[in-house]
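Novice: coordinates only, sequence not included:
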Ligand SMILES: CC(=O)SCCNC(=O)CCNC(=O)[C@H](O)C(C)(C)COP(=O)(O)OP(=O)(O)OC[C@H]1O[C@@H](n2cnc3c(N)ncnc32)[C@H](O)[C@@H]1OP(=O)(O)O
Ligand SMILES: N[C@@H](CCO)C(=O)O
């Protein structure tokens, strides 16, 4: 990966690494899974901001996207490879004003920043999960998050908020546990993964699995320390293109060469260098097994499964709701948020944010996202 020192095998957080701000809860018993079986010894990492009210009425759940984690706010530092992905939205005086709200952000089940996932040790001291980590769905991930809420003494969230993969889980909270979901904000996702979203995901998991360093998923303790870095980097390049828009790339990079390089003589275009940069950053901080697990979880997203379809599932979700999308999102296009808003009894018209950034607008357009966060908190 150009310009980056690679981690041995995996960029997952491991025991012995600095804990940073994260804390953990080990869930009691084994977690029953939608696909059958149960997952023992599940641990969820989480971070919090603000103070929980004595009656626990001010708790807000913030759910991260595919390669986010519990570090929703705060600087990068020991234990946290990146700055918080919603730092501008969480804090005193911010949209999620921590003088009033108690914000909880868990690392998702299947992730790699402290929660149980493929890079985690298997209970019983038999190495890491690797490819034996089971299929988990957004519904399973929410079942784990509900047990975290139990452990924190939070019977009902004032609001559940999430974008992209976090939006899928927010929808599962609303449909499966409406009595625990005071208000809902869903950003940049739909009621079910579409054929195209599944296809983009499948191309990415194929890229990871095609890397000889994948070793059928048993690379975590490879004696040479090599992992599927090239495959994960390729997956990130593909994904990143779906997260941004064609006009943005044209505007930012055009046909320009990367400074000091000549694309006709072995050098790169600026846009190639940009993708290389994002690939290298992800490979240093993420685990390929988690990436595959989480993409497959997103591909399983269908809030109507087993509930008589999306309309019947969401009819139960009567809490105040806001659905927002990004006008230039080519991966989760605004038509999907319009459909979703029409199915949620508590949602009015969808808010379509104006941004050239495509799907990533739910991370980058902090002023517009802040406005819908404030709106949902006021309505909750
Ligand atoms: C504030 C944060 O960093 S949050 C980090 C945590 N993020 C997550 O967890 C979610 C995953 N991350 C992402 O999805 C993305 O990184 C986003 C959405 C946060 C990035 O959004 P943007 O702010 O629009 O960043 P953008 O796509 O323009 O990329 C900027 C990076 O590309 C680099 N870059 C820009 N042009 C080039 C180029 N021609 N060649 C190489 N690198 C380039 C910049 O130097 C910058 O590097 P840095 O992030 O290491 O400082
Ligand atoms: N850039 C986001 C997009 C996925 O929704 C991420 O990597 O998590």
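Specialist: Happy to help now that I have it. Owing to the predicted nature of the structure, the values given are computational and were not obtained by experimental measurement. Ligands and ions are numbered 1, 2, ... in the order given.
Novice: Please count neighbours and contacts with C-alpha atoms only from this point.
Specialist: Fine.
Novice: which residues of this structure score low on pLDDT?
Specialist: 1-4 (pLDDT under 70).
Novice: Up against ligand 1, what does it have?
Specialist: Counting by Cα under 6 Å from any ligand atom, the chain comes close to ligand 1 at 67-68, 82-85, 258, 270-271, 273-274, 277, 360, 363-364.
Novice: Just want the most central residue of this structure.
Specialist: residue 65 (1.8 Å; Cα atoms, centre = their mean).
Novice: what sits against it?
Specialist: 162, 163, 164, 165, 166, 167 (Cα atoms under 8 Å, 6 or more residues apart in numbering).
Novice: Just these: which are in helices?
Specialist: Of the positions in these, 165, 166, 167 sit in helices, assigned by DSSP state H.
Novice: quick one: which of these is nearest to residue 34?
Specialist: residue 165 (17.5 Å; Cα to Cα).
Novice: hang on, the closest one packs against residue 66?
Specialist: Yes - assessed by Cα atoms under 8 Å, residue 165 is found in contact with residue 66 at 5.8 Å.
Novice: higher neighbour count, these two?
Specialist: residue 165 (28 against 17; other Cα atoms under 10 Å).
Novice: ok, now how distant is the more buried one from ligand 2?
Specialist: Distance of residue 165 to ligand 2, given as Cα to the nearest ligand atom, to the nearest Å: 6 Å.
Novice: Spatially nearest residue to that residue, not counting backbone neighbours?
Specialist: residue 65 (4.6 Å; Cα to Cα, 6 or more residues apart in numbering).
Novice: picking that back up, out of the residues of the chain next to ligand 1, which end up buried?
Specialist: 67-68, 82, 84-85, 258, 270-271, 273-274, 277, 360, 363-364 (16 or more other Cα atoms under 10 Å).
Novice: mind listing which of the residues you listed are in helices?
Specialist: Per DSSP H, these map to helices at 270, 271, 273, 274, 277, 363, 364.
Novice: Considering those, which is situated nearest to ligand 2?
Specialist: residue 363 (7.3 Å; Cα to the nearest ligand atom).
Novice: which residues touch the closest one?
Specialist: Here residue 363 is in contact with 85, 86 (Cα under 8 Å, 6+ apart).
Novice: all numbers from here: first residue = 31
Specialist: Okay, residue one is now 31; in that scheme the one you just asked about reads as residue 393.
Novice: List, one by one, the residues from the stretch 181-330 of the chain near ligand 2.
Specialist: So the stretch 181-330 of the chain meets ligand 2 at residue 194 (Cα under 6 Å from any ligand atom).
Novice: Is residue 373 in contact with residue 344, as I believe?
Specialist: Yes - judged on Cα under 8 Å, residue 373 makes contact with residue 344 at a distance of 6.1 Å.
Novice: Looking at those two, which is more packed in?
Specialist: residue 344 (26 against 18).
Novice: quick one: what helix or strand has the more buried one in it?
Specialist: Taking DSSP states H and E as the criterion, residue 344 maps to helix 340-345.
Novice: Repeat that for residue 379.
Specialist: Residue 379 belongs to no helix or strand, assigned by DSSP H and E.
Novice: if we look at the one helix or strand residue 312 maps to, which residues are touching it?
Specialist: Residue 312 belongs to helix 300-315 when assigned by DSSP H and E. Residues from elsewhere that reach helix 300-315 (Cα under 8 Å, 6+ apart): 31-37, 40-42, 111, 259, 262-264, 266-267, 270, 279, 283-289.
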